[in-house]
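1. Show me the folded form of this:
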Amino acid sequence: MTVDMQQLGRQAKAASKRLSQFDTAAKNKALHAIAGAIDANSAAILEANAADMEDGRAAGLTSALLDRLNLARRLDGVTSDARSVAELPDPVGEEFDAQTLPNGLKIRKRRTPIGVLGVIYESRPNVTVDVATLALKTGNAVILRGGSETLRSNLALIDTIQQALASVGFPKHAVQLIPDQDRRYVAELLKLSDYVDMIIPRGGNRLHTFCRENSTIPVITGGIGICHLYVDATADQDTAVTIVQNAKVQRPSVCNALDTLLVQESIAEAFIPRVIERLTQDGVEFHVDEQAGAVVDAADNVKPAGAGDWDIEWLDLILGIRVVPDFDAALAHINEHSTAHSDGILTSDPALMERFLNEVDSAAVYVNASTRFTDGGQLGLGAEIAVSTQKLHARGPMALEALTTYKWLIVGEGHTRP
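-> Numbering: from 1, shown residues only. Take a look at the predicted model:
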């Protein structure tokens, strides 16, 4: 199949112009239509997903990737999330920073859609609906490029979404999928600067690097999480074990799951065996440094950490454990190995809490809490399109407001510049 990327771009741009004509009520109607259409077509969508799952198992996809791919347990949640987005406040049209200048000029800013988004993602067909609904709520058109392992699922979802849009008078090209998995189309998407206004990659480090190095369009990078928790000597150990378990086990295949546990050496002998005992029950494998290995019994699931283990986003039931002499050593490790996603400290020392909050420059910085809260829904945003680990223009979970820009509105009464 040959895909005309210029045509996709032109269609998306034209659709984005039409989207500006729809008010909040109309956009919400479209989101409910999408949710209803997915419910009505669930059998066909799940059949397509089952075929993707079968191919994924045959191709040897890991359990973590298969979990991301599986819609069987998530489709009801997908439609529920679409309806939830309809209930969120619409940021488009919001006005702020109004003032009257000394010369009488009245100025204010108004939120507007970014325009056309290009979103590249892997393994998660639910992202197809998440991105589509968030884009539509904010008046943006979107061109999607999913992973090869999700093609059947995504084609079924896009067909359903486009039918729903047409049924309520919306342009179906507001949501488009690149239907061919040839990687050259990713490169072409990154060059569609005449039509696409922002690129959002959701995948591994290689994808992010490729997008940064090859795009002529602004790129929002993030979603790669090598996440840390540092357990200080003053931490409540019962609470700390529970937090560590939640951060690692609650859903290990996502970017905010814990990857490396740093333990202050004075409590290592008491604390690390407790963590290993608790998390072994969940099937966790441990990669430990020499000091951590010295305080635990030999076991099949406890292995010496390799030199590169501190730079791996595991996305699986694997946890690195390293013993550090003090707070400064923990901070140095985080500064060297963190991807600036989600990092936390477990402590009862107020001074260390404040130092950690001030000195760790990650998108989400935690005190006495699981890293699993780095999520738009969990942090009160209602939903998210991605987690940004860069500093412009959005950082952390990106929800509706992050999909808007603004324009200056200047009103005068015959003003001229002296």
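
2. before we move on, what SS does residue 72 have?
-> Put simply, residue 72 is coil when judged by DSSP: H, G, I helix; E, B strand; the rest coil.

3. Around the nearest residue to it once chain neighbours are set aside, how many other residues sit close by?
-> Among residues not flanking residue 72 along the chain, residue 46 sits closest, at 6.2 Å (C-beta to C-beta, 6 or more residues apart in numbering). All C-beta spots, glycine's among them, are computed from the backbone N, C-alpha and C. Close neighbours of residue 46, defined as other C-beta atoms under 10 Å, add up to 17.

4. Contacts for whichever strand or helix holds residue 46, please.
-> Per DSSP states H and E, residue 46 falls inside helix 42-58. By C-beta atoms under 8 Å, 6 or more residues apart in numbering, the surrounding residues in contact with helix 42-58 are 38, 65-66, 69-72, 75, 125, 149-153, 155-157, 160.

5. Out of the residues you listed, name the ones that lie in helices.
-> 38, 65-66, 69, 75, 151-153, 155-157, 160 (DSSP state H).

6. which one of those is nearest residue 169?
-> residue 160 (17.0 Å; C-beta to C-beta).

7. you'd agree the closest one is up against residue 37?
-> Yes. Counting by C-beta atoms under 8 Å, residue 160 touches residue 37, with 4.9 Å between them.

8. about what we covered before: so which one among the ones in helices among the contacts of helix 42-58 has the lowest pLDDT?
-> Across the set of the ones in helices among the contacts of helix 42-58, residue 65 stands lowest in pLDDT, at 83.

9. wouldn't that one be in contact with residue 149 here?
-> Yes. With contacts counted by C-beta under 8 Å, residue 65 reaches residue 149, the gap being 7.2 Å.

10. so what sits against both of those two?
-> 56, 123.

11. Tell me which of these two has more neighbours.
-> residue 149 (23 against 20).

12. What separation is there between that one and residue 207?
-> 14 Å (C-beta to C-beta, to the nearest Å).

13. do the same with residue 287
-> Residue 287 is 25 Å from residue 207, by C-beta to C-beta.

14. Looking at those two, which one has more neighbours?
-> Each of residue 287 and residue 207 has its neighbours counted (other C-beta under 10 Å); residue 287 has more, 23 against 19.

15. Quick check: phi and psi at the more buried one.
-> phi -110, psi 110 (degrees, to the nearest 10).

16. Quickly list what it is bridged to.
-> residue 303, residue 320 (DSSP bridges).

17. residues contacting it?
-> 303-306, 309, 318-321.

18. and of those, the nearest to residue 89?
-> Out of the contacts of residue 287, the member with the shortest distance to residue 89 (by C-beta to C-beta) is residue 319, at 38.6 Å.

19. And the helices in the stretch 51-200 of the chain, which stretches?
-> Secondary structure of the stretch 51-200 of the chain (DSSP state H, counting those that start in this stretch): helices at 63-69, 75-87, 126-137, 151-167, 184-189.

20. Repeat that for the stretch 301-418 of the chain.
-> 327-337, 350-359.

21. Kindly state which of these is positioned closest to residue 84.
-> Closest among these, using C-beta to C-beta: helix 350-359, at 30.5 Å.

22. Which positions within that closest one qualify as buried?
-> 352-353, 355-356 (16 or more other C-beta atoms under 10 Å).

23. biggest separation within these, which pair?
-> Once C-beta to C-beta is applied, those give 353 and 355 as the farthest pair, at 7.4 Å.

24. if we can go back for a sec, list buried members of the contacts of helix 42-58 by neighbour count.
-> Members of these classed as buried by 16+ other C-beta under 10 Å are 38, 65-66, 69-71, 75, 125, 149-153, 155-157, 160.

25. Please report how far the closest residue to residue 403 other than its chain neighbours lies from residue 32.
-> Distances taken as C-beta to C-beta, 6+ apart put residue 138 closest to residue 403, at 4.2 Å, once the chain neighbours are dropped. Distance of residue 138 to residue 32, computed by C-beta to C-beta: 17 Å.

26. domain ranges for this structure?
-> Here the domain parsing of the chain from automatic domain parsing is 5-221+390-411, 227-373.

27. Looking at the ones in helices among the contacts of helix 42-58, which is nearest residue 404?
-> residue 157 (24.7 Å).

28. remind me which residues of the stretch 251-400 of the chain are low pLDDT?
-> By pLDDT under 70, the stretch 251-400 of the chain has no low-scoring segment.

29. Can you show me the CA trace of stretch 329-342 as CSV?
-> Taking C-alpha atoms only, stretch 329-342 is exported to CSV below (Å, rounded to 0.1, in the frame of the first residue of the first chain):
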residue,chain,number,x,y,z
ALA,A,329,24.8,9.8,46.9
ALA,A,330,21.2,9.1,46.1
LEU,A,331,20.8,12.5,44.5
ALA,A,332,23.9,11.9,42.4
HIS,A,333,22.6,8.6,41.2
ILE,A,334,19.2,10.1,40.2
ASN,A,335,20.9,13.0,38.4
GLU,A,336,23.0,10.6,36.4
HIS,A,337,20.4,8.0,35.5
SER,A,338,17.0,9.6,35.8
THR,A,339,15.1,10.5,32.6
ALA,A,340,13.4,13.3,34.5
HIS,A,341,10.0,11.5,34.6
SER,A,342,9.1,10.6,38.2
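
30. which of the residues in that stretch are buried?
-> 329-331, 333-334, 337-342.

31. And stretch 266-286, by the same measure?
-> Per 16+ other C-beta under 10 Å, stretch 266-286 contains these buried residues: 267-268, 271-272, 275-276, 278-279, 284-286.

32. how much does the helix holding residue 46 deviate in direction from helix 126-137?
-> 130 degrees (axes from the mean of the first three to the mean of the last three C-alpha atoms, to 10 degrees).

33. Can you report the mean pLDDT over the residues of helix 42-58?
-> Rounded mean pLDDT across helix 42-58 is 97.

34. Redo the domains of the chain as TSV? Include distance to residue 384.
-> Output for the domains of the chain, formatted as TSV (distance: least, C-beta to C-beta, whole Å):
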stretch	distance to residue 384
domain 5-221+390-411	4
domain 227-373	11
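
35. right, and those - which one's nearest residue 383?
-> Using C-beta to C-beta, the nearest of the domains of the chain to residue 383 is domain 5-221+390-411, at 5.3 Å.

36. and the closest one, how far apart are its ends?
-> 40 Å (C-alpha to C-alpha, to the nearest Å).

37. Next up, the contacts around residue 130.
-> Taking C-beta under 8 Å, 6+ apart, one finds 78, 81, 383-385 in contact with residue 130.
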